[in-house]
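Novice: Requesting a structural model of the entry that follows:
(chains A and B)
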There are 2 protein chains.
Amino acid sequence: MKNYMNEALKLAEKAGKKGEIPVGAVVVRNGEIIATGQNRRETHCNALGHAEIEAISSACEKLGRWRLDDCELYVTLEPCPMCAGAIINARLKKVVFGAFDKKAGSCCDESVVNLFNLPYNHRPEVWAGICEKECSAVLSRFFEALREKENK
Amino acid sequence: MKNYMNEALKLAEKAGKKGEIPVGAVVVRNGEIIATGQNRRETHCNALGHAEIEAISSACEKLGRWRLDDCELYVTLEPCPMCAGAIINARLKKVVFGAFDKKAGSCCDESVVNLFNLPYNHRPEVWAGICEKECSAVLSRFFEALREKENK
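Specialist: Residues are numbered from 1 along each chain as shown, chains lettered A, B, ... in the order given. You can find the predicted model right below:
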């Protein structure tokens, strides 16, 4: 599980270097990473540019189907409602995330809402806070650097 | 408001003719339709293929920005959590929808959840049930035809 999170972390770092909030995601099937995603909202000027959306879309394209019920998603930050909804729509069997997001997170009871506990037609298995320290650190470093830049 | 819903309805009909669940959407800015979307989940084999996602993504592309706070979304069916989340992320100022969706709808208190009533960083103005009869009828006709086909 840590291996996949490490790959997601590398993608988060890449996003951060481009000035994006550093979030990365991978989709895993049969133990193999079949799709990756990184936050590219600013680069693509698109509100849908989250790491999870890119990874899920790419996995659908690769497999030629919208139903990813044999796939797992690993993402460095707790998914927002859009991404949690995409996870439900794609029927992903498992979601593993690192850092918690109290402002927009939608996948656990401590955040805004836990969409996976509501009566939609799919509920993935959820592992929360995996590699939390490393995932949070990437985000903290990014925002610290941003503040320093703004204060100069 | 009805004019925009009629355009969304035409897009829903088009989707239905291609065997997709008939849902259509338009994004309006300064009284002008700047982007359209129709459900293409089956055609594109993609879980993200909802009408709202297509319309929002196309509007971002057209305007060259992810923030659509001067835009309105008209859609024939109540948005699911993914699409409601995309509406929040894109900061759309207003959402108008037709038919209610008790199974996956995420934009009013009568449905699964009202994401626009939760403490995210944006809350659009919502008009629910506009042209509800026409929007529901398109869906009912589609599912009736599907049942007839399956029973043959």
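
Novice: For the most centrally placed residue in chain A, which non-adjacent residue is closest in space?
Specialist: Centrality entry for chain A: nearest residue to the mean C-alpha point is A:V75, 3.4 Å, by Cα atoms, centre = their mean. Leaving aside its sequence neighbours, A:V75 sits nearest to A:A25 (Cβ to Cβ, 6 or more residues apart in numbering or on different chains; 4.0 Å). For glycine as for every other residue, the C-beta is placed from the backbone atoms N, C-alpha and C.

Novice: need the longest helix for chain A.
Specialist: Assignment by DSSP state H gives helix A:132-151 as the longest helix of chain A.

Novice: Residues contacting that helix, please?
Specialist: A:5, A:9, A:12-13, A:16, A:21-23, A:76-77, A:97-100 (Cβ atoms under 8 Å, 6 or more residues apart in numbering or on different chains).

Novice: Please report which of those has the highest neighbour count.
Specialist: A:V23 (34 neighbours; other Cβ atoms under 10 Å in any protein chain shown).

Novice: For that one, give me its contacts.
Specialist: A:A12, A:A15, A:Q38, A:N39, A:H50, A:A51, A:V75, A:T76, A:L77, A:L139.

Novice: at 6 Å instead, please
Specialist: A:A12, A:N39, A:A51, A:T76, A:L77 (Cβ atoms under 6 Å, 6 or more residues apart in numbering or on different chains).

Novice: And for A:A12?
Specialist: Counting by Cβ under 6 Å, 6+ apart, the residues that A:A12 touches are A:P22, A:V23, A:G24, A:T76, A:V138.

Novice: other SSEs contacting the helix or strand where the residue nearest to A:V75 lies?
Specialist: Element membership of A:A25 [criterion: DSSP states H and E] is strand A:24-29. Packing partners of strand A:24-29 (3 or more Cβ pairs under 6 Å, 6 or more residues apart in numbering or on different chains; DSSP states H and E): helix A:2-17, strand A:32-38, helix A:51-63, strand A:71-77.

Novice: residues from chain A in reach of chain B?
Specialist: A:41, A:45-48, A:57, A:60, A:64-66, A:80-82, A:85-86, A:89-90, A:112-113, A:115, A:118 (Cβ under 6 Å from any Cβ of the partner chain).

Novice: Check whether the residue nearest to the centre of chain A really touches A:G98, as I assumed.
Specialist: No. Using Cβ atoms under 6 Å, A:V75 is not in contact with A:G98, being 7.3 Å away.
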